[in-house]
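[1] This is a predicted model, with the sequence first.
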Amino acid sequence: MTAPTPRPEILTIAAYVGGESKVEGVNRILKLSSNEGAFGPPVSAQEAFRQVAAEIHRYPDGGSGALRRAIGARFGLDPERIVCGTGSDELIQHICHIYGGPGADIIMTMHGFTMYQIAGTYAGSRVLKVPERDLTADVDLILAAVTPATRIVFLANPNNPTGSLLPEEEMARLRRDLPPEVLLVIDAAYAEYVTDPGYDPGIALVDAGDNTIMLRTFSKVFGLGGMRVGWAYGPPAVIDAINRVRGVFNVNIAAQAAAVAALAEPGWVERSVAHNVEWRGRLSAALEALGIKVWPSHGNFFLADFATAARAKRADAFLRGRGIIIRGMAAYDLPHCLRITVGTAEECTLVADALTTFMSARPADGETDG
């Protein structure tokens with residue numbers, strides 16, 4: 001007898017593994033592995049979630065109309081050019097299937113978000129990882145990888161997990177020099193955390209033509225990772241194509257209500273960004289003083305570089321033993337690095353104290369940092 005067999009490329013995909021949230025034998029956990037907002041969800045979003053409890057037997061608005069209007073009002077965008085999804089992950093998958101497929105190439109950078117590779121491979125495309133320079137996307141290297149088969153270029157700006165940021169002139173050059181039939185997908189999941197005055201999350205490039213789309217999320221600064229709400233702003237034809245294939249009721253009723261409320265929470269983003277700037281700087285400086293290289297970041301996280309994979313692995317185990325969960329980067333070809341989310345002031349202080357102890361201790365017998 002034979003059994004159903006998946007397409008061969010499906011079995012090449014390494015399933016995405018989210019940030020861990022538990023350590024066996026440890027009661028108090030500090031979860032700094034998933035870049036979630038430091039302050040949890042806004043109070044108004046929690047209240048909106050409670051208010052719709054009596055309505056969860058109803059189907060949600062399939063077009064997320066109120067949410068799209070709220071997004072448009074907040075960011076000065078046309079709601080008709082916005083589509084919402086079950087996290088930006090859903091939108092990434094749709095884009096790969098709509099514009100990719102067998103015979104199509106998708107380009108991403110070496111240390112880009114792994115969902116691009118997963119979704120692209122699932123769609124049947126060949127996914128090409130382009131090298132970076134100093135953990136930052138290089139426009140010339142991306143352009144050099146383009147062939148007649150290229151259909152999509154994914155670029156997160158700021159990038160996860162490196163935290164690097166491409167300046168606007170480089171983003172504009174990339175779009176200008178890409179073939180017009182290639183869709184540029186700008187993933188701006190961490191846009192709210194950027195304080196660079198010249199930064200644009202992608203709106204200008206979307207408005208300038210018909211071949212760029214911007215992805216955003218409510219999972220980071222707005223504290224709704226558990227609700228799974230993402231959105232995209234793009235050309236009418238691209239948004240139309242996504243609407244033709246997305247789930248009919250893809251964003252649930254509670255998620256829509258919570259997201260609308262989160263957008264209106266007074267001072268939420270400003271408070272979150274100010275905290276992030278302060279404590280990303282404090283924690284980075286503390287680690288640098290210990291001799292741990294910290295890569296510059298424009299998100300609510302940073303890469304701590306322990307120079308060797310062995311030392312990074314020991315540091316990760318040491319922190320986990322104290323209930324502090326951060327993110328190992330071996331899956332991103334950065335085994336010598338750990339990604340640390342900027343948590344509360346207390347959490348950041350505990351991380352600094354734990355790593356101070358770690359760096360002052362000698363490796364146990366039989367262990368090396370080589």
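    Sure thing, it's come through. Residues are numbered from 1 along each chain as shown.
[2] When you work out contacts or count neighbours from here on, use the C-alpha atoms and nothing else.
    Noted.
[3] Go ahead and name everything in contact with stretch 227-246.
    For stretch 227-246, contacts defined as Cα atoms under 8 Å, 6 or more residues apart in numbering pick out 80-89, 91, 94-95, 98, 203, 206-207, 209-219, 251, 254-256, 259.
[4] can you rerun that using 6 Å?
    Outside of stretch 227-246, the residues that reach it under the criterion Cα atoms under 6 Å, 6 or more residues apart in numbering are 81-88, 206, 210, 213-218, 255.
[5] Equivalent analysis for stretch 206-216, please.
    Residues external to stretch 206-216 that are found in contact with it (Cα under 6 Å, 6+ apart): 183-189, 202, 230-235.
[6] Dump those into a markdown table; add secondary structure as well.
    Putting the contacts of stretch 206-216 into a markdown table (DSSP: H, G, I helix; E, B strand; the rest coil) gives the following:
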| residue | secondary structure |
| --- | --- |
| Leu183 | strand |
| Leu184 | strand |
| Val185 | strand |
| Ile186 | strand |
| Asp187 | strand |
| Ala188 | coil |
| Ala189 | coil |
| Gly202 | coil |
| Gly230 | strand |
| Trp231 | strand |
| Ala232 | strand |
| Tyr233 | strand |
| Gly234 | coil |
| Pro235 | coil |
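[7] Reformat those into CSV and put distance to Leu155, pLDDT and neighbour count next to each item.
    Conversion of the contacts of stretch 206-216 to CSV gives the following (distance: Cα to Cα, whole Å; pLDDT from 0 to 100; neighbours: other Cα atoms under 10 Å):
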residue, distance to Leu155, pLDDT, neighbour count
Leu183, 11, 98, 23
Leu184, 8, 98, 24
Val185, 6, 98, 23
Ile186, 5, 98, 24
Asp187, 6, 98, 25
Ala188, 9, 98, 22
Ala189, 11, 97, 25
Gly202, 11, 97, 23
Gly230, 16, 97, 24
Trp231, 16, 98, 23
Ala232, 14, 98, 26
Tyr233, 15, 98, 26
Gly234, 15, 98, 26
Pro235, 17, 97, 20
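[8] Pick the one among these closest to Ala48.
    The shortest gap between Ala48 and any of the contacts of stretch 206-216 belongs to Gly230, at 17.8 Å (Cα to Cα).
[9] Domain ranges for the chain, per the record?
    Listed domain ranges for the chain are 8-31+268-360, 43-264 (source: automatic domain parsing).
[10] about what we covered before: restricted to helices, list the contacts of stretch 227-246.
    Within these, residues falling in helices by DSSP state H are Gly87, Ser88, Val206, Ala255.
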